[in-house]
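>>> can't give you the sequence, but here's the structure:
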DNA sequence: AGCGTAAATGAACAGTGTTCAATAAAATAA
DNA sequence: TTATTTTATTGAACACTGTTCATTTACGCT
């Protein structure tokens, strides 16, 4: 309930203008109650972001389920599509920083691991059998690659630099990474 | 003066805890004066971030000047080194979001273009002569690739996923991109 | 009905970005 | 020099923020 309204707020206002007080008001709770439940502002944000991650994972899996031959391209396109469909909620996952050293809560780490797991599985599937053990390493790097393209597309950097097809570029980089890993000695 | 102190504040506190009031206090100005000069909080941040970008460009060029054969690897390592040396100032460049549609000020766009220009030049240099016209396109994509790796290294995602050598992974992806662009008929 | 635990409150505090009439300082004109 | 205009600087006031916590309300169980 609280987290659901929080997600609505996040998508409407974005991370910078998000207000816990406003969320409390919208669901008819007092600000104190919200703090009794979540303890701190950061944990509320983590709860919201974890739910966004979960919904992102579901979205990726749905797209993979209806994908054709090229599951990798489907995955990359789905990654971008989610970010474009819920740009502010998506950005909030990365805008939220905690003091270096502070640990992320378990439920957030779990949500992140699930999403990573989907990517690792697809990368493994795209590699020849005798290269599958490199999948986790490669998947992390390809995830970062796609993330970089998606982030530049979302924050306007690509538009500024005249890049017209961020998704196509990301797909090309991923294909090269997979090809190189498949071919290696 | 103001911007210099702003940069100090940014590196000490990070984007989320940055305070314009605190900057004013530190340099002995009143908060009103600071607003007369910059007009708005966002423009102060832009001024600070633009200076960070400029210092980043200088750093990249210094490293390239003392680089050996492999200028591309030197560039990627310098990209990461700057982010690790000034993590909070670096992150602030990307943490600062403005409402979609609002334009970035010219001086900020110029600083960003200069940094991009350095990358484009090195990518062009690394390509065979008959492929040089593809340098701008490729450079944007490789920049996004490196940025993604750097961002995941900086925000702890890579540490969480067990990636031990983010720079190495970024260099590998960039090499593959250059190789593919060089080979393409 | 009485008791005890759990849930919910909202005023209070210290902080934020932002505005703007009032003031001080500096530059220019007489 | 004095008078006048332009520029720079001020800081109280406003509407917000996250956070705390003594107090109240609600509810389940004897």
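Done, it's in. The structure displayed is predicted, hence computed values, not measured ones. Residues are numbered from 1 along each chain as shown, chains lettered A, B, ... in the order given.
>>> Let me see the contact set for the residue lying closest to residue A:59 once chain neighbours are set aside.
In space, not counting the residues next to it along the chain, residue A:59 is nearest to residue A:82; the distance is 5.0 Å by Cβ to Cβ, 6 or more residues apart in numbering or on different chains. Yep, even glycine has a C-beta here, placed from its N, CA and C like the rest. Applying Cβ atoms under 8 Å, 6 or more residues apart in numbering or on different chains to residue A:82 gives the contacts A:56, A:59, A:60, A:90.
>>> which residues of chain A fall in helices?
Across chain A, reading from the start of the chain, the helices by DSSP state H fall at A:2-13, A:20-27, A:31-38, A:41-65, A:71-85, A:87-95, A:106-126, A:135-154, A:157-161, A:166-183.
>>> Okay, the residue nearest to residue A:59 and DNA strand D: tell me how far apart.
Computed with Cβ to the nearest atom of the strand, to the nearest Å, the distance linking residue A:82 and DNA strand D is 25 Å.
>>> Likewise for residue A:175?
Here the distance between residue A:175 and DNA strand D works out to 42 Å (Cβ to the nearest atom of the strand).
>>> Need the pLDDT of that residue.
Taken from the predicted model, the pLDDT recorded for residue A:175 is 98.
>>> do the same with residue A:74
At residue A:74 the predicted local distance difference test score is 98.
>>> so what's it up against?
A:63, A:64, A:67, A:68.
>>> Name all residues that make contact with residue A:51.
Contacts of residue A:51 by Cβ under 8 Å, 6+ apart are A:3, A:4, A:7, A:111.
>>> biggest separation within the contacts of residue A:82, which pair?
Between all members of the contacts of residue A:82, the longest pairwise span (Cβ to Cβ) is found for A:60 and A:90 and amounts to 12.7 Å.
>>> of the two, who's got more company?
Neighbours around residue A:60 and residue A:90, counted as other Cβ atoms under 10 Å in any protein chain shown, are more numerous at residue A:90. The numbers are 24 against 21.
>>> thought the more buried one was touching residue A:81?
No: using Cβ atoms under 8 Å, residue A:90 is not in contact with residue A:81; the gap is 10.5 Å.
>>> Write the ChimeraX selection for whichever of the contacts of residue A:74 are buried.
Only the buried members of the contacts of residue A:74 end up in this ChimeraX selection, burial being decided by 16 or more other Cβ atoms under 10 Å in any protein chain shown:
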select /A:63,64,67
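>>> which one of the contacts of residue A:74 is nearest DNA strand C?
Nearest to DNA strand C out of the contacts of residue A:74 is residue A:63 (Cβ to the nearest atom of the strand; 37.4 Å).
>>> so what pLDDT did the closest one get?
In the prediction, the pLDDT value recorded for residue A:63 is 98.
>>> follow-up on the earlier one: ok, which of the helices of chain A comes nearest residue B:124?
helix A:157-161 (15.0 Å).
>>> can you tell if that closest one touches chain B?
Yes: applying Cβ under 8 Å from any Cβ of the partner chain, one finds that helix A:157-161 is in contact with chain B at A:157, A:158, A:160, A:161.
>>> Chain B: which of the contacts of residue A:82 is nearest?
The shortest distance between chain B and any of the contacts of residue A:82, using Cβ to the nearest Cβ, involves residue A:90 and amounts to 12.1 Å.
>>> confidence score at the closest one?
At residue A:90 the predicted local confidence, pLDDT, stands at 98.
>>> quick one: contacts for it?
Residue A:90 is in contact with A:52, A:56, A:82, A:83, A:154, counting by Cβ under 8 Å, 6+ apart.
>>> quick one: stretch A:129-142 to chain centroid distance?
Centroid separation between stretch A:129-142 and its chain, computed with Cα atoms, centre = their mean, to the nearest Å, is 20 Å.
>>> Could you identify the least confident member of the contacts of residue A:90?
When those are compared on pLDDT, residue A:154 comes out least confident, at 95.
>>> That one is in contact with residue A:83, isn't it?
Yes: with contact defined as Cβ under 8 Å, residue A:154 and residue A:83 form a contacting pair (5.8 Å).
>>> contacting residues for whatever residue of chain A ends up closest to chain B?
Proximity to chain B, evaluated over chain A using Cβ to the nearest Cβ, is greatest for residue A:148 at 2.4 Å. Under the criterion of Cβ under 8 Å, 6+ apart, the contact list for residue A:148 reads B:143, B:144, B:145, B:146, B:147, B:148, B:149, B:151.
>>> Please list only the buried members of those.
When neighbours are counted using 16+ other Cβ under 10 Å, the contacts of residue A:148 contain these buried positions: B:143, B:144, B:145, B:146, B:147, B:148, B:149, B:151.
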